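> Predicted model and sequence below, questions to follow.
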Amino acid sequence: QNLIVGGQNEEGVDVTNDLSYMCMEATMHVRLPQPSLSIRVWNCTPHDLLIKAAAVTREGLGVPAFYNDEVIIPSIMSRGLTLEDARDYCIIGCVEPQKGARTDGWHDAAFFNMCRPLELVFSNGMDKGELIGLQTGDVEKMTTFEEFFDAYKKQELHFIEMMVHADNAVDYAHSVRCPLPFQSCLCNDCIEKGISLQEGGAHYNFTGPQGFGIANMTDALLAMKILVFEEKKVSMSEMKQVLADNFGKGYIPKKALELTTEVAKQLDANGVEVTADTIKTIYTTFTEASHISADKKARYDEILKMIEALPKYGNDIPEVDAFAREVGNTYTKPFEHFTNNRGGIFQAGLYPVSANVPLGYQTGATPDGRLSNTPIADGVGPASGRDVKGPTATANSVARLDHGIASNGTLFNQKFHPSALSSMASLEKFVAYLRGYFDQKGMHVQYNVVSKETLLDAQKNPEKYKTLVVRVAGYSALFTTLSRSLQDDIINRTEQGGL
């Protein structure tokens with residue numbers, strides 16, 4: 001459910017009216033996670049409407065989400081929409097723009113973890129003893145960063161192609177096994193053509209798989225480029241071992257328990273007695289990495305500090321941000337060459353919903369310093385805690401990505417301390433900051449306005465925070481109903497103190 005205010009009509013005239021303000025006022029009163037409230041912003045959006053939107057943001061409900069007409073309209077026109085239809089877009093689901101009553105978008109067709117291809121570069125396509133990727137060569141024999149980066153792009157494209165084939169297989173099955181006549185009745189063109197949405201009855205037909213992990217891959221690939229290939233402070237074999245050993249930090253408790261269970265079952269199957277002490281020893285080995293020598297751990301800490309000292313995406317560093325744009329395009333651009341079974345095309349999005357947490361759990365350590373089994377950066381924002389120069393610097397970095405090519409939507413999360421929006425003057429600054437970000441061609445942004453202390457207390461005392469609403473990805477939810485891992489991911493987002 002997505003309620004949207006502001007924006008323009010098919011003739012390009014601003015449609016802000018009394019109801020726009022009433023919807024936002026009602027949102028402040030009911031304080032519910034649904035319907036999700038969004039606002040379309042363009043160069044004719046009244047300043048008063050943005051001030052009102054900022055006041056709603058200050059309430060800490062995770063709404064409204066802000067969308068930039070100046071990016072979205074030309075973006076979806078590049079996918080075949082007419083100017084009139086593009087101007088009349090709405091947001092469905094999380095952050096996906098589409099023309100109502102004429103589109104079958106199949107948004108969220110798949111989720112693509114951009115970190116996994118890098119793992120398969122290091123393993124030469126192998127995973128758990130099986131060849132699942134391409135054999136791009138032994139990394140220890142690679143002599144240039146260009147060769148290494150090219151191997152990453154090949155692995156990524158291989159899995160993109162597999163994902164496209166899988167999506168088209170599912171699409172075909174839907175058309176044959178599960179056409180939906182009632183849903184199709186809500187699409188004008190299906191009625192005219194006499195065929196269902198699943199058979200290609202819509203005027204506009206898309207398939208939209210989402211990618212995430214741009215920040216991790218930008219920082220990771222730059223770390224490889226600088227430390228391994230340019231400065232040669234870390235050898236390739238050493239980096240490979242560092243990642244395999246998770247920087248000497250051991251595994252998170254959930255993974256350690258999973259591995260302990262596997263080892264205990266193997267021992268028991270081999271006739272070895274498994275006692276409580278055995279379980280404790282195995283678990284401690286996994287959580288404390290006690291099998292790694294002190295000398296190795298010291299070296300791993302040294303490498304981790306070198307990685308942490310490198311420039312990171314999200315800090316308004318043009319060279320880093322330009323590379324982030326290139327990394328993002330390695331995922332988004334290939335989709336321009338693929339078609340679906342409904343006579344339409346694929347279009348990429350850059351957002352995870354909340355898949356960055358469970359898919360991060362399935363992913364090993366990465367050269368940006370991210371530990372094994374921990375969340376991957378969500379959407380187009382920087383990795384948590386890596387943006388250290390304030391919200392404007394972060395927004396400048398994010399705006400340098402090519403948002404227009406991700407016509408299925410992008411997602412940019414930011415978190416502010418409540419004091420940052422406590423006065424009328426701070427609301428004016430907030431609106432100026434938002435305008436600055438959108439003037440640089442950012443597509444979307446949304447905010448949590450809540451302190452870390454409040455979220456931590458809500459974890460400990462959920463009964464006191466039954467109505468606490470937070471923005472997760474393209475949706476809001478009651479904080480206490482979320483999984484612990486998702487709660488932690490929101491808590492760990494960088495908290496901005498002010499503008």
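Happy to help now that I have it.
> Let me know the average pLDDT across the longest helix belonging to the chain.
Counting residues, the longest helix found in the chain (DSSP state H) is helix 145-177. On average, the pLDDT along helix 145-177 is 98.
> just checking, what packs against it?
Counting contacts by 3 or more CB pairs under 8 Å, 6 or more residues apart in numbering; DSSP states H and E, helix 145-177 packs against strand 107-113, helix 116-122, strand 204-212, helix 214-223, helix 318-332. Bear in mind the C-beta positions are built from the backbone N, C-alpha and C, glycine included.
> Now with 10 Å, please.
The helices and strands touching helix 145-177, judged by 3 or more CB pairs under 10 Å, 6 or more residues apart in numbering; DSSP states H and E, are strand 107-113, helix 116-122, strand 204-212, helix 214-223, helix 318-332, strand 345-346.
> got the angle for that helix vs helix 214-223?
150 degrees (axes from the mean of the first three to the mean of the last three CA atoms, to 10 degrees).
> Measure how far helix 145-177 is from the centre of its chain, please.
Here helix 145-177 shows a centroid-to-chain-centroid distance of 18 Å under the convention CA atoms, centre = their mean, to the nearest Å.
> Would you map the strands across the stretch 301-450 of the chain?
Applying DSSP state E, counting those that start in this stretch to the stretch 301-450 of the chain gives strands spanning 345-346, 413-416, 444-449.
> what about these, which gets the closest to Thr57?
Nearest to Thr57, of all the strands of the stretch 301-450 of the chain, is strand 444-449, at 5.3 Å by CB to CB.
> strands paired with the closest one, and their directions?
Partner strands for strand 444-449, per DSSP bridges, with pairing direction: strand 65-68 (antiparallel), strand 413-416 (parallel).
> among those strands, which is the most enclosed?
Highest mean neighbour count among the strands paired with strand 444-449 (mean count of other CB atoms under 10 Å): strand 65-68, with a mean of 26.
> Past that one, which element shows up next along the chain?
Of the helices and strands lying after strand 65-68 in sequence (DSSP states H and E), the nearest is helix 69-77.
> State the next helix or strand along the chain beyond that next one.
Taking DSSP H and E, what comes next after helix 69-77 is helix 83-87.
> Please point out which parts of that next one sit buried.
For helix 83-87, burial by neighbour count (16 or more other CB atoms under 10 Å) applies to Asp85, Ala86, Arg87.
> Same check on stretch 257-269?
The neighbour-count check on stretch 257-269 (16+ other CB under 10 Å) flags Leu259, Thr260, Val263, Ala264 as buried.
> can you give me the helices in the stretch 251-400 of the chain?
For the stretch 251-400 of the chain, the helices defined by DSSP state H, counting those that start in this stretch cover 253-269, 276-288, 294-309, 318-332, 356-361, 391-399.
> any chance of the ones you listed in JSON lines, with mean pLDDT too?
Listed next are those as JSON lines, based on pLDDT from 0 to 100:
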{"stretch": "helix 253-269", "mean pLDDT": "95"}
{"stretch": "helix 276-288", "mean pLDDT": "95"}
{"stretch": "helix 294-309", "mean pLDDT": "98"}
{"stretch": "helix 318-332", "mean pLDDT": "98"}
{"stretch": "helix 356-361", "mean pLDDT": "95"}
{"stretch": "helix 391-399", "mean pLDDT": "97"}
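> Go through these and pick out the most buried.
Most buried of the helices of the stretch 251-400 of the chain by mean neighbour count (mean count of other CB under 10 Å) is helix 391-399; its value is a mean of 23.
> now the residue nearest to Ala477 when sequence neighbours are not counted, what's its secondary structure?
Of all residues not flanking Ala477 in the chain, Pro33 sits nearest, at 5.3 Å (CB to CB, 6 or more residues apart in numbering). Secondary structure state of Pro33, per DSSP: H, G, I helix; E, B strand; the rest coil, is coil.
> Contact partners for Pro33?
With contact taken as CB atoms under 10 Å, 6 or more residues apart in numbering, Pro33 is in contact with 1, 61-63, 467, 469-472, 475-479, 481.
> Let's see that with 7 Å instead.
Shown in contact with Pro33 (CB atoms under 7 Å, 6 or more residues apart in numbering): Val469, Ser476, Ala477, Leu478.
> Pairing-wise in the sheet, spell out the partners of the last one.
It refers to Leu478. Beta bridges link Leu478 to Val469 when assigned by DSSP bridges.
> and it, how many neighbours?
Using other CB atoms under 10 Å, Leu478 has 16 other residues around it.
> quick one: it and Arg471 touch, right?
No - Leu478 is beyond contact range of Arg471, at 11.8 Å (criterion: CB atoms under 7 Å).
> For Lys464, grab the count of nearby residues.
Using other CB under 10 Å, Lys464 has 11 neighbouring residues.
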